[in-house]
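Participant: when you get a sec, could you give me coordinates for this:
(4 chains)
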There are 4 protein chains.
Amino acid sequence: MIRFECDYAEGMHPRILEKMIATNMDQTIGYSEDPYCDRARDLIRRACGREDSDVHFLVGGTQTNLTVIASVLRPHQGVLCASSGHLNVHETGAIEATGHKVIVLPSEDGKITAQQIQNAYDSHWADATHEHIVQPGMVYISQPTENGTAYTKEELEAINKVCRACHLPLFIDGARLGYALAMEDNDLTLQDMTNLADIFYIGGTKVGAMMGEAVVIVNPALKQDFRYIIKQRGGMLAKGRFLGIQFETLFADGLYFEVSKHAVGLAMQIRRAFEKKGISMRYDSKTNQQFPILPNEMMEKLAEKYSFSFWEKVDESHTAVRFCTSWATKEENVMELLGDIEKL
Amino acid sequence: MIRFECDYAEGMHPRILEKMIATNMDQTIGYSEDPYCDRARDLIRRACGREDSDVHFLVGGTQTNLTVIASVLRPHQGVLCASSGHLNVHETGAIEATGHKVIVLPSEDGKITAQQIQNAYDSHWADATHEHIVQPGMVYISQPTENGTAYTKEELEAINKVCRACHLPLFIDGARLGYALAMEDNDLTLQDMTNLADIFYIGGTKVGAMMGEAVVIVNPALKQDFRYIIKQRGGMLAKGRFLGIQFETLFADGLYFEVSKHAVGLAMQIRRAFEKKGISMRYDSKTNQQFPILPNEMMEKLAEKYSFSFWEKVDESHTAVRFCTSWATKEENVMELLGDIEKL
Amino acid sequence: MIRFECDYAEGMHPRILEKMIATNMDQTIGYSEDPYCDRARDLIRRACGREDSDVHFLVGGTQTNLTVIASVLRPHQGVLCASSGHLNVHETGAIEATGHKVIVLPSEDGKITAQQIQNAYDSHWADATHEHIVQPGMVYISQPTENGTAYTKEELEAINKVCRACHLPLFIDGARLGYALAMEDNDLTLQDMTNLADIFYIGGTKVGAMMGEAVVIVNPALKQDFRYIIKQRGGMLAKGRFLGIQFETLFADGLYFEVSKHAVGLAMQIRRAFEKKGISMRYDSKTNQQFPILPNEMMEKLAEKYSFSFWEKVDESHTAVRFCTSWATKEENVMELLGDIEKL
Amino acid sequence: MIRFECDYAEGMHPRILEKMIATNMDQTIGYSEDPYCDRARDLIRRACGREDSDVHFLVGGTQTNLTVIASVLRPHQGVLCASSGHLNVHETGAIEATGHKVIVLPSEDGKITAQQIQNAYDSHWADATHEHIVQPGMVYISQPTENGTAYTKEELEAINKVCRACHLPLFIDGARLGYALAMEDNDLTLQDMTNLADIFYIGGTKVGAMMGEAVVIVNPALKQDFRYIIKQRGGMLAKGRFLGIQFETLFADGLYFEVSKHAVGLAMQIRRAFEKKGISMRYDSKTNQQFPILPNEMMEKLAEKYSFSFWEKVDESHTAVRFCTSWATKEENVMELLGDIEKL
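Facilitator: Model (predicted):
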């Protein structure tokens, strides 16, 4: 079985592993106050182009989302989020468990628009009984989204503008950020992201690391006491150096961008192979996740040799599925898949 | 200005006030353990036809909703609720503040169906990654709904059946329960409600009382330690006797049903007057709230003399508004309104 | 049985009841935005000497404590409180249910000192691992305390000074505030309280009202969106006018202070009668609660005719009990008790 | 600088690292449903002597504590815990953030007694107003404690007996469990622990692993839906196999017990060296943490070459400090320390 079902099927990039081996018996202090973390923070700040930003390391995505949101909102506030947003559908109510409502904005492709945010804000404040309604307190988007789609610079600038005007901090979930930055027609740099978000994170778990997400806090108003919240929510790793080691390796010489490019290139080959066979895509993804709508027999045929995720039933005879590539995907496996698609 | 904007504009039924006057200097113990509360509990149990049910008194609706839901659910569970449900839209995230997600089911008229509940349950458990999704843990409906509509006996029996089969406790918000029981074509008795719900409440605030909601716990599994939760959530009134006095008065000789009938009768007269003028109704309500879709000029004309609530903009020239009657609505005021509608 | 076991055994002051009768059928808007509430707010602001303070009405004490604390603190912060503080021992974890730790300071008589607050603050920030410890975020005291004792002006000024220096908002629970203001040797005015607290409340439930607590927010930084939090926590009364009516009556011409004086005068007579018999007091209370340490036989003898609260077992043969007076305590009942104490 | 300040200064046991290297490019499914986790679960079940227990892997201690407690308690319940317990003092209110009070039992040496638990239970239920007080809902102890002390079999049996009688689930924090099992005079096996606890965990982070805690749920009533709670609280690792790999290595052939023995042996040598110099110990620890009470000059002298933790100021001239050994402590470093202690 060759696995394309997710982007966390393998371990970690070999260079990270080498670094772990090399440093294993070093003694350091705990809780991410060690020199590896310090260097990783510096490298990330530099890559983001904002020396004054705060960088924190957490272990996983749900944890990061709930920690950031719990830190930013007051009790009566909620977070605006696409209906398909990860924290709305796949985190077992982690946000609600911190006391906050996820305020859902409809979305077909995983993205929301500046206009939707403006409307949600306006309609809240226009309501005479707004004190009886959850107050929009921040905006959550993912880059790329759950559906593999990604915001353009223009779209993100528009969202940023509305957020500033409405005093809504903008939080970008970058669990797969590398893959968006590696898109063929991407026009957003990491520096742009940093300038447009108030707080965001650079995902490691799905982009080469064994685990770990690097939160970048740009807006000074959101920096205070963030480490307390990490600790309270169970996200402070005792041997924090292992997060530092990973991000140091990923950002020392562009490895993060390199492995992302690798994954996206292979994903686009898969997409094109399907399209060549007349298969249409559920979403227009240019990142490492591809969502072909397969005739059921074709799906069953492919499932004999490859694992991929069920996405949704489209009609009686068609099913949307998800193929993921990652930093670890082997070219020979993709070649084999391409051949098999061709033969279908 | 004659007020039809809500059903809590006046004080309390004069007979309740009389009872408060007569008992004011009596000394009783606190926290609803006094003889008035005991008698009220007995009367309610008898009216419900379930001597073995537990009856508790709380002060208001949001408080009751959050207390019941916090008591019933485990942390990873959510409550199924119509998109228009009070706890989804008008309680400032009170449920989320107890840690639970409101799982929204679409609804056009305020009601949800047995089939929707079954589907939500099935789709949760069919999902291979269901542990990543909030588990449906109970069902919340209102009788009548926010839109004045009400469940029939058949509908409620179907919902009850699904809930039993799926082990989902059924919670009925009866903030305006009297008004549903008083509908012309109502086929549900209070005893039916009791048999079909696991836990529900009989609203006082909007049906003759100054304040107060009587929670009836039918399902023995939900009874344990409920008073602790009331206390923890701030719902335990020190001078609890005032809740007992009110419900004793309302249930001693049918006053609750009598005042409900009064309100519904007047509301239906208003509805018919509008319909006679060719005005259509936003919802098919047969309870004390009526939602005519008024041409804007007509709305403005009426607003000079009457207060009513804005509901929603229907199109450029039409607006849905809400007229409420209550136990306190004066016939002469309604007659005046009927005349003015006629003249429009 | 003559009841001295608590200060909420009777209904409400007759003048409040009269006002309720007189206004019962008036129509007003809900949620404390009516003219009665407006007038009550004005009267309270004037009595406090701070026209710029915000005044909100809630129903009960636990509800008020949890609402205020949830509004003020960030998630990683806790509230400093005497070990005997109401919110630490008698609110079923209401504060923890909002996510916050009650940081306990030892107290023998119910009071805490400025020095204790300073030490708690210093020791937190001196700890190298302070991010692993709940951060002190505000200070909670009661005036008078659970033990009937009260702060002097000097003590409160010292606490205020430390709180300002440490940026810890000072919250004063005044559930029985009237009784502290009515002490013989009280040197604190309501204006002083207002100047020394950041936020506090004037208790109604135990001081003449049927229910209700008036929160006064002095510190502008704590005012924002407070009504949202009230609603979310279930404390917003639909017929809010009933809170307005009560506080308007209590503050229109000094009734609040008058009834407090009545209660405290009678309580001190009870204390003196016990002391004359050689009975010592568990706490040096000069307010409406008195805590004689009774020989067990004496306690049993008195219990035949009077109800009072068990407080704590002092030794094998002695028990501390609590006698409460209130705005409603009848002089003839106290006279009878004094006679019976004399005869013991 | 030679570090003795904590037991998480180094990376992971070399055999774990080898296993990570060997398996790095294997493809597995996520979220601890992979074969490594399955094998680790089997090995742990076998080591515990309970094939029917559930085993779950989480990343860190605070996360594990908050997840277990949130899963077990109803909203109005709290967890009984020694005043020095980790969750009371060093988790930034993580338990309160899930809505629950930590009910503190005084402890001088980190342990609590069966009698204290019984008393807490009895005094709760004896209180006439117990509904106003947090209900004891479970018991939390650590083996070994924060102070290095450990329960004997007799003590743990007594606690188990009280917990059963009072229907209080017993939760044992075993973040350093290996070190207790390796004590010279230990009389508790892992099987005993399993039989005496309702739920407990076997710490990896501090006993040879890079990270990870293995929760063992023995009591069937506590098993339901535990994975949902892990996910909700941010504890479900995407690449869960890394937890499986670690625990498989630790439990395949007794490595967990072997490394624990190593650490405890060295710690006892340090203790004896201090005692030989007439230094007394703050706690009678026979595990990997030792707490000598050092004259301040001696402390400063040692600090030039070794790092250790400040524990508490004992008097003007003496300070209690903490020396930790671990699976990774090098004998030569300890020998050097012993020599330096000798020379003091």
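Participant: sheet-wise, list the partners of the helix or strand encompassing A:I293 with their directions.
Facilitator: Element membership for A:I293 (DSSP states H and E) is strand A:293-295. Strand pairing for strand A:293-295, determined by DSSP bridges: strand A:318-324 (antiparallel).
Participant: helix or strand: which one has A:E300?
Facilitator: Judged by DSSP H and E, A:E300 forms part of helix A:296-303.
Participant: quick one: residues in contact with that helix.
Facilitator: A:I279, A:L294, A:F308, A:S317, A:H318, A:T319, A:V321, A:D340, A:I341, A:L344 (Cβ atoms under 8 Å, 6 or more residues apart in numbering or on different chains). Every C-beta, even on glycine, is put in place using the N, C-alpha and C of the backbone.
Participant: tell me who's in contact with the third one.
Facilitator: A:F308 makes contact with A:F4, A:E5, A:L302, A:V321, A:R322, A:F323, A:C324 under the criterion Cβ under 8 Å, 6+ apart.
Participant: could you check which residue of the stretch 51-200 of chain A lies nearest chain C?
Facilitator: For the stretch 51-200 of chain A and chain C, the shortest gap (Cβ to the nearest Cβ) falls at A:H76, measuring 3.7 Å.
Participant: how about the closest residue to that residue other than its chain neighbours, secondary structure?
Facilitator: Computed as Cβ to Cβ, 6 or more residues apart in numbering or on different chains, the closest residue to A:H76 that is not its neighbour in sequence is C:Y228, at 3.7 Å. Of the three states, C:Y228 takes helix according to DSSP: H, G, I helix; E, B strand; the rest coil.
Participant: that older thread, how about the contacts of A:F308, which pair is most distant?
Facilitator: Greatest spatial distance among those (Cβ to Cβ): A:L302 and A:C324, at 14.2 Å.
Participant: hang on, the earlier thing: list the contacts of the residue nearest to A:H76.
Facilitator: Here C:Y228 is in contact with A:H76, A:E131, A:Q135, B:T92 (Cβ under 8 Å, 6+ apart).
Participant: can you put these in TSV and add neighbour count and secondary structure?
Facilitator: Converted to TSV, those look like this (neighbours: other Cβ atoms under 10 Å in any protein chain shown; DSSP: H, G, I helix; E, B strand; the rest coil):
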residue	neighbour count	secondary structure
A:H76	28	coil
A:E131	21	helix
A:Q135	22	strand
B:T92	31	coil
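Participant: closest to D:K330 among the residues you listed?
Facilitator: A:H76 (54.5 Å).
Participant: ok, back up a step: now do the buried residues in the strand holding A:I293.
Facilitator: A:I293, A:L294 (16 or more other Cβ atoms under 10 Å in any protein chain shown).
Participant: off-centre distance for it?
Facilitator: 26 Å (Cα atoms, centre = their mean, to the nearest Å).
Participant: pLDDT of that strand, averaged?
Facilitator: Confidence for strand A:293-295, expressed as mean pLDDT, is 98.
Participant: so the residue lying farthest from the centre of chain A, which state does it fall into?
Facilitator: Taking Cα atoms, centre = their mean, the residue of chain A most remote from its mean C-alpha position is A:A128, at 36.9 Å. Recorded secondary structure, A:A128: coil (three-state DSSP).
Participant: would you check that it makes contact with B:F310?
Facilitator: Yes: because the distance of 7.5 Å satisfies Cβ atoms under 8 Å, A:A128 is recorded as touching B:F310.
Participant: for C:E10, see how far away A:S71 is.
Facilitator: Per Cβ to Cβ, to the nearest Å, A:S71 is found 47 Å from C:E10.
Participant: please apply the same query to A:L170.
Facilitator: In this view, A:L170 and C:E10 are 56 Å apart by Cβ to Cβ.
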